[in-house]
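>>> Sequence and computational prediction follow.
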Amino acid sequence: MNDNFIYTEAVNCGLILKKCLETFFKYHPNVNVHVFGFENDLNEVNIFPNVIPHDITNDNECKRFYQNGHLGTAYIGAKVITEYAKNHKYIIHFDSDIIFREECLSFLIDKIESGYDLIGPRRCYEKNMNGRTDLIGLPDLVQTYFYAYNREKITTNNFSILQNMIVGYHSPKGYPILDYFDPVSFEILDNGGNIYFLDSDNFGGLTINGDKKNKYYEFNEDTDFGEKLIHFAGIGSGMKFYYYGGNTHDGYIKWAIRRFGMYYKLFYDESFNGIEIDEHKYKIFKDLFNETNNKL
């Protein structure tokens, strides 16, 4: 695992990453993780000895991009590819809003060692959940909450272009794009890369049929729920929107804030003024977590 660059980021959401890392290091105690964040975020997670901190507090360009959250995350991603991980062939990333339930990295490492170049949960293109017909004929790609890729299969070396490819704003070959990192995924495949999809029962995400009907289907309206991890999605954004506001569309802001409220109620037993949570869903999740033999 030491030959792979493993990283995550927390910008104004260190307490969310703290809960993620508690569960990650429980099952991966000897793995080093590079963490990018502001000083206050890193203060929350430097309690873990295997954290390699990267303080971006004084990176004004990064701060500017984080005014448009995903563009800031893409800035860090481009920095990792072009600078921090330049001596590593493979890069592994996981989102801060994951809760690990079991050991997970070996599933990525095994496929890296088998020669795959892009590994992660499935993101369906032709059978997409958005009802788009312009994606017919395009291959499925991977979701990016827990994934690995071969840095050497990425040939774009212009930083600004790469950043915009990562965020999904620029598709050099004109492919229509669904989400974050997809233009880079297409480049990896166009350069001869091999893709492997993690099993949805283990890692959540979509099935080959373009739905979330894995064995935890009843929980997947609000999460990517798998045997080995749970991805909550939008939690970090919701925390930032709650405290600092946002300049994206109002529907996404409200959605993310509600998810943040549910997450904090579940894992920190804390409620926030102005955030209503679905008490029925909260009870279902809480009961489930209490029944998982202290995995969480």
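Now that the structure is in, tell me what you want to look at.

>>> now the strands: where do they sit in the protein?
Using DSSP state E, the strands of the chain run over residues 4-10, 33-37, 51-55, 90-94, 98-100, 118-120, 122-123, 141-142, 146-150, 195-197, 224-225, 229-231.

>>> and the fourth one, how far from the chain's centre?
Right, strand 90-94. Relative to its chain's centre, strand 90-94 lies at 10 Å (Cα atoms, centre = their mean, to the nearest Å).

>>> partner strands of that strand, parallel or antiparallel?
Partner strands and pairing direction for strand 90-94 (DSSP bridges) are strand 4-10 (parallel), strand 146-150 (antiparallel).

>>> rewinding a little: with distance to residue 20 added, can I get the strands of the chain in JSON lines?
To be clear about C-beta, it is placed using only N, CA and C from the backbone, and glycine gets the same treatment. Shown next, in JSON lines, are the strands of the chain (distance: least, Cβ to Cβ, whole Å):
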{"stretch": "strand 4-10", "distance to residue 20": "7"}
{"stretch": "strand 33-37", "distance to residue 20": "10"}
{"stretch": "strand 51-55", "distance to residue 20": "12"}
{"stretch": "strand 90-94", "distance to residue 20": "8"}
{"stretch": "strand 98-100", "distance to residue 20": "5"}
{"stretch": "strand 118-120", "distance to residue 20": "17"}
{"stretch": "strand 122-123", "distance to residue 20": "21"}
{"stretch": "strand 141-142", "distance to residue 20": "19"}
{"stretch": "strand 146-150", "distance to residue 20": "11"}
{"stretch": "strand 195-197", "distance to residue 20": "23"}
{"stretch": "strand 224-225", "distance to residue 20": "14"}
{"stretch": "strand 229-231", "distance to residue 20": "10"}
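
>>> Output the ones you listed in CSV; the columns should cover mean pLDDT, mean neighbour count and distance to residue 284.
Converted to CSV, the strands of the chain look like this (pLDDT from 0 to 100; neighbours: other Cβ atoms under 10 Å; distance: least, Cβ to Cβ, whole Å):
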stretch, mean pLDDT, mean neighbour count, distance to residue 284
strand 4-10, 97, 23, 27
strand 33-37, 98, 23, 31
strand 51-55, 98, 15, 33
strand 90-94, 98, 23, 25
strand 98-100, 95, 24, 15
strand 118-120, 98, 25, 27
strand 122-123, 98, 23, 25
strand 141-142, 98, 26, 28
strand 146-150, 98, 25, 23
strand 195-197, 98, 20, 28
strand 224-225, 92, 26, 11
strand 229-231, 95, 25, 13
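
>>> Out of these, flag the one nearest residue 130.
Residue 130 sits nearest to strand 122-123 of all these, at 11.1 Å, using Cβ to Cβ.

>>> So which elements touch that closest one?
The helices and strands touching strand 122-123, judged by 3 or more Cβ pairs under 8 Å, 6 or more residues apart in numbering; DSSP states H and E, are strand 141-142.

>>> Pull the residues that contact the strand it packs on.
Identification of contacts with strand 141-142 by Cβ atoms under 8 Å, 6 or more residues apart in numbering yields 118-123, 125, 178, 181-182, 185-186, 195, 197.

>>> could you give the mean pLDDT of stretch 158-171?
For stretch 158-171, mean pLDDT rounds to 98.

>>> show me where pLDDT drops low in this structure?
Scanning the chain for pLDDT under 70 picks out 1-2, 291-296.

>>> just to revisit the earlier point, which one of the strands paired with strand 90-94 lies nearest to residue 239?
Across the strands paired with strand 90-94, closest to residue 239 is strand 4-10 (Cβ to Cβ), at 9.8 Å.

>>> Can I get the closest one in CSV? Just the C-alpha atoms.
Taking C-alpha atoms only, strand 4-10 is exported to CSV below (Å, rounded to 0.1, in the frame of the first residue of the first chain):
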residue,chain,number,x,y,z
ASN,A,4,0.0,4.2,-3.6
PHE,A,5,-0.8,7.8,-2.7
ILE,A,6,-3.9,7.7,-0.5
TYR,A,7,-5.6,11.0,0.3
THR,A,8,-8.8,12.8,1.3
GLU,A,9,-9.7,16.4,2.0
ALA,A,10,-11.7,18.4,4.6
